[in-house]
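*Asks:* Below are the sequence and a predicted model; questions follow.
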Amino acid sequence: MRIILIILLSLVGVTFSQTSTPKPKPLDPIEDVPGLPRVLLIGDSISIGYTLAVRELLSGVANVHRPPANCGPTIRGLEQLESWLGDQPWDVIHFNWGLHDLKYIAPGATPRHSGRLTDVAQGEQMVPVKVYAENITRLLDRLQKTGAALTWCATTPIPQGAKGRVPGDEVRYNEAAAAVMRKRGVPINDLYTFAAARANEIQRQADVHFFPEGSQVLAGEVARKILAQLPIRAQIARAVKTLAPVDDLPENAALPALLGSPAPSTGEWPGMRAALCDQLAFYEYGFAPGAPTRLRFQVLREDRRALDGKATKREVRVHFGPSETPPMDILLHVPNKRQGPAPAFLGLNFHGNHTTTADPEVTITSNWVPSRGEGVKDNRATPASRGTSASRWPVEAIIDRGYAVATVYHGDLDPDLNDSTDGIQPHLTGDVGESQKDHQWASLRAWAYGLSRAADYLVQLPDIDPQRIAVMGHSRNGKTALVAGAFDERFSLVISNQSGCGGAALSRRRHGETVKRINGSFPHWFNGAFKTFNDREDYLPTDQHTLLAAIAPRPLLVCSATGDDWADPEGEFLAAKEASAVYEWLGKDNLKNASMPEENKLLNHTVGYHIRPGEHGIGIADWTVFMDFADKQWGR
Ligand code: GTR
């Protein structure tokens, strides 16, 4: 009797729970929460698998929709995309096709996109890679017309033994799609690499699908990539859910640990890195908008015989999209003598591109420039300022070693004044709530944003290797190089030269320039929240080793000068040593067991360090070290 009662009660319980909270289904339509950005996920069963989890991760931040279907191969997309887009605007579209294009089907299926999976030996490929690339281009034409911020998602791995698919095909299809995306400036969510790194934990055996926990893991990465494309206000809204307000932070004199104990599985690193970036944005550098949707590159001039025929010089104006947004100019030199696409250095300059070379053709900036520069009158550059920073940019020596070099004047993005009404920020920030203002981007993040847009240009050039773009910078531009490298993983090597406070030097040491000093002299460099750490460094939930660690596992070189006490060389070395814990855990050589080296001895590890004699500054001696480091790290 008792047993029957229990069974009856549990049946009632089951029925009750079923009627009161029906389990949501990924293909069911959702109601928009008014006022939140609208996100569309386009993809096959892999995306169906992560849809609910992405929706959950972004709940209260964005309305996450998907078509009520498996979006199948590109040929189904071409037929149905219009109806999937509907008639309401989208803020972000995260999209993938591929897994069905590359699969083998029995010949003669109608419609072809419904063709059934069959053994490779008996079937034919649904959409050959060449046609796939053409279809992707046509789909992208339509998607770009929506005005939404787009993110291309790479196809996840095909495991050995998966029926009807050939492992390795997904790599070819991904490459074909990535080439199209780079050309069109569409950000890429490399879910292939992400999943491949932990496939044995998250993916089923001999099956393209993922375990439920695996789909959850994919959802984390997809949600992060979507979030980065959402307006600043949405990014801050999400961050306040997980990060403590500045007033609630505990005092902690020790450097915050970068890894838990015991250290998690290395597969966790993308999520952990994103969490570090969130902290850095929230408490120090501010959140920045996603890549602009209507970026345009205008070649101002090209000289294929520059530097006595050694280099091709190009000046390119980058238009950000929203009208009235000031453009930025890139000055690029590419070596003519090279085998294949060239690796490149990219860095900001202090006084205008025309100061980096005496070349009389380079456009003189018409923007505000600091008055301390030579040949400057009323904060405007005159022809007398041409080439005045040429010793900082030894272009010919860089070209001679086979590297391309690109530079941008940071004042194109944000003149270095305590004034946020000039530069790109007022045009790209969007609405930000009063309580959010302390967490929005400031000059360093805006300058770093410009470096990312320069990378958008470089990655689509046939003469530049998109896998080997180094970001470098000196002093305030060195701080910026670190910020750019931490937030944008396309920079595959990062170099800071004497970046000091807010760059590589640990804030808790209070040596040389302090948080209070820098916030007082340059209040526009960091966000509002950072001001609360003046004389309160021990309350920082991060320190500058966090910024360096966020670059892992990519090569990072920190450079100091003995006479530059203001930038605290030892604090820079110690930050790199502390960040080494992450590099070590990720299996990369590092500075864990190193002590501060003697002058001019490059510690050439994945996280490396160099100190030279002399004062604050940059010249050929520093560049020689940068290139020695890049040669080794890139195996040249
Ligand atoms: C100094 C500033 C440093 C450093 C330097 C520079 O005045 O205190 O943080 O950035 O300028 O950029 O040259």
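*Replies:* Happy to help now that I have it.

*Asks:* who in this protein is up against the ligand?
*Replies:* Neighbours of the ligand within the chain, by C-beta under 6 Å from any ligand atom: 475-476, 500-501, 513, 518, 521. To be clear about C-beta, it is placed using only N, CA and C from the backbone, and glycine gets the same treatment.

*Asks:* Please spell out which residues along the host helix or strand of residue 49 are buried.
*Replies:* If you go by DSSP states H and E, residue 49 is part of helix 45-57. Residues 45-55, 57 are the ones in helix 45-57 that count as buried (16 or more other C-beta atoms under 10 Å).

*Asks:* same question, stretch 92-111
*Replies:* Buried residues in stretch 92-111, defined by neighbour count with 16+ other C-beta under 10 Å: 92-105.

*Asks:* and of these, the nearest to residue 131?
*Replies:* Nearest to residue 131 among the buried residues of stretch 92-111, counting by C-beta to C-beta, is residue 101 at 8.2 Å.

*Asks:* Assign a three-state SS to the closest one, would you?
*Replies:* When classified by DSSP: H, G, I helix; E, B strand; the rest coil, residue 101 comes out as coil.

*Asks:* what's the average pLDDT for stretch 101-111?
*Replies:* Stretch 101-111 shows a mean pLDDT of 94 in the predicted model.

*Asks:* Restricting to C-alpha, output it in CSV.
*Replies:* Provided in CSV are the C-alpha atoms of stretch 101-111 (Å, rounded to 0.1, in the frame of the first residue of the first chain):
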residue,chain,number,x,y,z
ASP,A,101,28.2,20.6,-47.0
LEU,A,102,31.1,18.3,-46.6
LYS,A,103,29.1,15.1,-45.8
TYR,A,104,28.6,12.3,-48.3
ILE,A,105,25.1,11.6,-49.5
ALA,A,106,23.4,9.1,-51.8
PRO,A,107,23.3,10.5,-55.3
GLY,A,108,20.1,11.8,-56.7
ALA,A,109,18.3,13.2,-53.6
THR,A,110,15.7,15.9,-54.1
PRO,A,111,15.9,18.4,-52.7
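
*Asks:* got the end-to-end distance for stretch 164-172?
*Replies:* Between the opening and closing residues of stretch 164-172 there is a gap of 16 Å (C-alpha to C-alpha, to the nearest Å).

*Asks:* try stretch 121-131
*Replies:* By C-alpha to C-alpha, the extent of stretch 121-131 from end to end equals 21 Å.

*Asks:* What lies in contact with that stretch?
*Replies:* By C-beta atoms under 8 Å, 6 or more residues apart in numbering, the surrounding residues in contact with stretch 121-131 are 73-75, 100-107, 112-113, 115, 117, 135, 164, 169, 172-173, 176.

*Asks:* can you pull out the strands in the stretch 151-300 of the chain?
*Replies:* Listed in chain order, the strands of the stretch 151-300 of the chain (DSSP state E, counting those that start in this stretch) span residues 188-189, 296-305.

*Asks:* highest average neighbour count across those?
*Replies:* strand 188-189 (a mean of 20; mean count of other C-beta atoms under 10 Å).
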